[in-house]
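1. Just the structure for this:
(2 chains)
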Amino acid sequence: MDYQAIRQKIIDIIAEIAIDEDLSNIDDDVRLRDQLDLDSMDFLDIVMELKKRYKIEVPQDDYPKLATIKSCIEYLGPKFA
Amino acid sequence: MAHYDTIIIGAGMSGLAAGIRLAMFDQKVCILERHKVPGGLNSYYERLGRKLDVGLHAMTNFSRKGERGRPLTKLLKQLRIPYEKLELSQQHFSRIVFPERQLSFSNNPQLLMDEVASVFPHQQENFSHLLEAVLNFDDVNLQNQYQSAKEKVREFITDENLLEMLFCPLLIYGSAWENDMDFSQFVIMFKSIFLEGFSRPKNGVRSIINLLIEKYLQLGGELRLGAGIQKIDVENGVVRRVVLDNGEVLDSNKVMSSIGLPETMNIVSEKQECPAAGAMSFTETILFFDKKPADQGIHDTIIFFNDNDKYPYRKPDTLCDYSSAVICFPNNFNSDDYNEGVIRVTFMANFEKWNELDKAAYLLMKQEVRQASLSLIKKLFPQFEAELLYSDVFTPRTIMRYTGHIKGAVYGSTQKVRDGRTAVKNLFICGTDQGFLGIVGAMLSGISMANLHCLMSGDKA
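-> Next up is the predicted model:
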C-alpha cells in the first residue's frame, strides 16, 4: 500500500477521534500532539481504531512510534501489507 | 445464559460514559439500572407537566468549543459527541454571600480575582499564589494521596474569612467529607467552578442523559432499566456473574460498578470489608412561580449563602440546617428554556432524623422546608413578589430511595478509590466513589476507568 493510502487511513481515524479539528494542514513531520489537541487518552483511541478497523495490534511499548504521521506510516506500513 | 465482556451497574453519568467507550470498541456490554429512569444522582422527573431536575444545579467545567486541554473538551472527544449537541448556555454570575462580605464569580475568572482584590485587598497576592498552585497541580493523577485541602490552602490564604468563603461552593458541590476535602478534589472543584464555571444544557440534565443513551444504543450497547441487582457473584476473589432481583443470571468477564463503594461491597457474594457511607445529605425545594426572577431584578445564577463567618459544612444535628443554603435560579442562564420562574433551594440535612419520622411528621417537615426556602428567598430578595404555582421537596430519604446511596449520602463514601480497583479481581468502581466530581467529573470517571480496566490490553503491573 502506498504512502498516501496509508496516510489517508490514519487521517480518517484521527478525523473520527478529533471531530472538532481541522486536519487539512497537518505536517507529517511534526508531532501530532503539537499540532492537535490529542492526549494519551486519544492515542489509546487511535490504537483501538487500528485494531477495530484493520485488526492491527499496537503494543503499549510501541505507542511512541505513532508520534508523527510519518512515523505512523513507517511503523504501520508493513502491518497494512 | 447471556455472557458479557463487561456489565456496568448503574445508568448514571459515569456508567453511561463507560458504556459508550466499551460499546464503541465492540465490547458486548450491558448497563443495568435499578430504576425506570436513568441518570442516578443527576436525574429528572415530571409532575403536573412540569419538568424537574435533581442533582447538580448546573454543569461545571464550562469551556468553549475546541478549547484545548479542558475536561469538557476531553470528554466530548472521548465520547465522540459534537460540542454543539449540548447546547450549553452560560451562567450570568454567581455569588458567595456571607454576613459581612460577598464575592461574585462568573465564567470569566478575572471577576473573582477582582472581587478578592477589592474585598480582601491584603490577600490579593496570596490568592494569586494559590491560583498558581492550583494550575500547576496534577489533579487527575490516579496516584495522588489524600491531603487535607484546608491545611494546604492555609499555606497560601492567611485570612480565615476568605478561606471559608472560597471553600463554601467547593464543599457543597462535591465533598463527601465534613468541613474539608482532599486537595486533589479541591483543585478539580476549584478549576471546574471558579476557573471554568457554570453552564446549563438546553432543557437541563435530561438532555445530557438522553444524548448519552442515544449514543450508547447507537453503538450497540444494551441498556436494561428496572433491573436491580441482588448479588455480584465472586468465586475465589474473581468476579463471575451478577444475579438480578428477578433471579436472572448474567455472566460477565468484568463488572464496573457506579453505585458507590460500600453499596457495591454490600452485594458482593464473598464478604468484603465495607467502608463507611458518607454523612452529607441534603434537602432540596424546587419552586415554580408565575414570574421569572429576572423580571424582578434578580439576575444571579447561583447563590451560596451562609449566615456566619465560619461555614459549617457537616451533617446538622437537626433535620435541616437553615443557616446556610444554595439557591439556584435555572432561568438565569444566557438562554432560558422555562415558561415559568423556577428557584431551587438546597439545605444540608440529617439523614437519620429524616428517616425516623412517621408519614405525617415527614410531610409536615417537608412543609417546613418549603417555608424555610420561601423565607430565605424573601430575606435575600425582599422585592421578590410572585405567586407560587407548584413546589416539591426532596429529602435525604428521597435521595436514598432513588440513588441507592446509603444514608442518602449524595457525594458517596469518604473513602475514594482513585484507580477504581477493588479487592475483587475484575470488579471496578467508577463514578462518585472513584472521586472525580460533578457531571463532567462523573463522565470522565466512567471514561477513564473503562479505558484503564476494560480497553487497555495487557494488564500492566
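
2. so what's the closest residue in space to B:Tyr411 that isn't next to it in sequence up against?
-> Leaving aside its chain neighbours, B:Tyr411 sits nearest to B:Ala176 (4.0 Å; criterion: CB to CB, 6 or more residues apart in numbering or on different chains). The way it works is simple: take the backbone N, C-alpha and C, and place the C-beta from them, glycine included. By CB atoms under 8 Å, 6 or more residues apart in numbering or on different chains, the contact list for B:Ala176 reads B:278, B:280, B:409, B:411-414, B:416, B:432.

3. ranking those residues by neighbours, who comes first?
-> Greatest neighbour count in these, by other CB atoms under 10 Å in any protein chain shown, goes to B:Thr432: 33 neighbours.

4. is it true that that residue touches B:Pro262?
-> No. B:Thr432 lies out of contact with B:Pro262 (CB atoms under 8 Å); the separation is 11.1 Å.

5. what about the residue in the stretch 1-150 of chain B that chain A sits nearest to, how many residues close to it?
-> Of all residues in the stretch 1-150 of chain B, the one sitting closest to chain A is B:Arg68 (4.3 Å; CB to the nearest CB). When neighbours are defined as other CB under 10 Å, B:Arg68 has 12 of them.

6. Provide the backbone phi and psi angles at it.
-> The phi and psi values for B:Arg68, taken as degrees, to the nearest 10, are phi -80, psi 150.

7. Spatially, what comes nearest to it if we skip its sequence neighbours?
-> Per CB to CB, 6+ apart, closest to B:Arg68 is A:Asp37, 4.3 Å.

8. Near chain A, which residues of chain B are found?
-> B:24-26, B:65-66, B:68-69, B:73-74, B:77-78, B:80, B:82-83, B:447-448, B:451, B:455-458, B:460 (CB under 8 Å from any CB of the partner chain).

9. now the helices: where do they sit in chain B?
-> B:13-24, B:71-79, B:109-119, B:124-136, B:149-154, B:160-172, B:183-190, B:205-218, B:261-265, B:351-355, B:359-380, B:396-403, B:438-450 (DSSP state H).

10. In TSV: those, plus mean neighbour count and mean pLDDT.
-> Output for those, formatted as TSV (neighbours: other CB atoms under 10 Å in any protein chain shown; pLDDT from 0 to 100):
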stretch	mean neighbour count	mean pLDDT
helix B:13-24	29	97
helix B:71-79	22	93
helix B:109-119	17	97
helix B:124-136	15	97
helix B:149-154	17	97
helix B:160-172	22	98
helix B:183-190	25	93
helix B:205-218	19	96
helix B:261-265	23	95
helix B:351-355	19	97
helix B:359-380	15	97
helix B:396-403	21	92
helix B:438-450	28	94
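
11. Would you format the ones you listed as JSON lines with distance to B:Tyr338 included?
-> Listed next are the helices of chain B as JSON lines, based on distance: least, CB to CB, whole Å:
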{"stretch": "helix B:13-24", "distance to B:Tyr338": "23"}
{"stretch": "helix B:71-79", "distance to B:Tyr338": "24"}
{"stretch": "helix B:109-119", "distance to B:Tyr338": "26"}
{"stretch": "helix B:124-136", "distance to B:Tyr338": "34"}
{"stretch": "helix B:149-154", "distance to B:Tyr338": "35"}
{"stretch": "helix B:160-172", "distance to B:Tyr338": "23"}
{"stretch": "helix B:183-190", "distance to B:Tyr338": "27"}
{"stretch": "helix B:205-218", "distance to B:Tyr338": "13"}
{"stretch": "helix B:261-265", "distance to B:Tyr338": "34"}
{"stretch": "helix B:351-355", "distance to B:Tyr338": "29"}
{"stretch": "helix B:359-380", "distance to B:Tyr338": "16"}
{"stretch": "helix B:396-403", "distance to B:Tyr338": "22"}
{"stretch": "helix B:438-450", "distance to B:Tyr338": "19"}
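
12. Among those, which comes closest to B:Lys231?
-> helix B:261-265 (11.3 Å; CB to CB).

13. Provide the contact partners of the closest one at residue level.
-> Contact partners of helix B:261-265, identified using CB under 8 Å, 6+ apart, comprise B:9, B:232, B:257, B:272-277, B:404-406, B:412-413, B:415-417, B:422, B:427, B:429, B:433.

14. ok, 7 Å please
-> Contacts to helix B:261-265, defined as CB atoms under 7 Å, 6 or more residues apart in numbering or on different chains, come from residues B:257, B:272, B:274-277, B:404-406, B:413, B:415, B:417, B:429, B:433.

15. ok, of the residues you listed, which come out buried?
-> Taking 16 or more other CB atoms under 10 Å in any protein chain shown as the criterion, what is buried in the contacts of helix B:261-265 is B:257, B:272, B:275, B:277, B:404-406, B:413, B:417, B:429, B:433.

16. closest to B:Ala386 among the residues you listed?
-> When the buried ones among the contacts of helix B:261-265 are compared for distance to B:Ala386 (CB to CB), B:His405 wins out at 33.7 Å.

17. That closest one reaches B:Gly260, doesn't it?
-> Yes. Counting by CB atoms under 7 Å, B:Gly260 is a contact partner of B:His405 at 5.7 Å.

18. Residues that sit against both of the two, list them.
-> In contact with both B:His405 and B:Gly260: B:Gly412, using CB under 7 Å, 6+ apart.

19. Helices of chain A, residue ranges please.
-> Going by DSSP H, chain A shows helices at A:3-17, A:32-35, A:40-54, A:69-80.

20. could the ones you listed be laid out in CSV, adding mean neighbour count and distance to B:Met113?
-> Shown next, in CSV, are the helices of chain A (neighbours: other CB atoms under 10 Å in any protein chain shown; distance: least, CB to CB, whole Å):
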stretch, mean neighbour count, distance to B:Met113
helix A:3-17, 16, 35
helix A:32-35, 15, 31
helix A:40-54, 18, 31
helix A:69-80, 16, 41
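
21. Can I get these in a markdown table including mean pLDDT and distance to chain B?
-> Shown next, in a markdown table, are the helices of chain A (pLDDT from 0 to 100; distance: least, CB to the nearest CB, whole Å):
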| stretch | mean pLDDT | distance to chain B |
| --- | --- | --- |
| helix A:3-17 | 93 | 7 |
| helix A:32-35 | 92 | 11 |
| helix A:40-54 | 92 | 5 |
| helix A:69-80 | 92 | 16 |
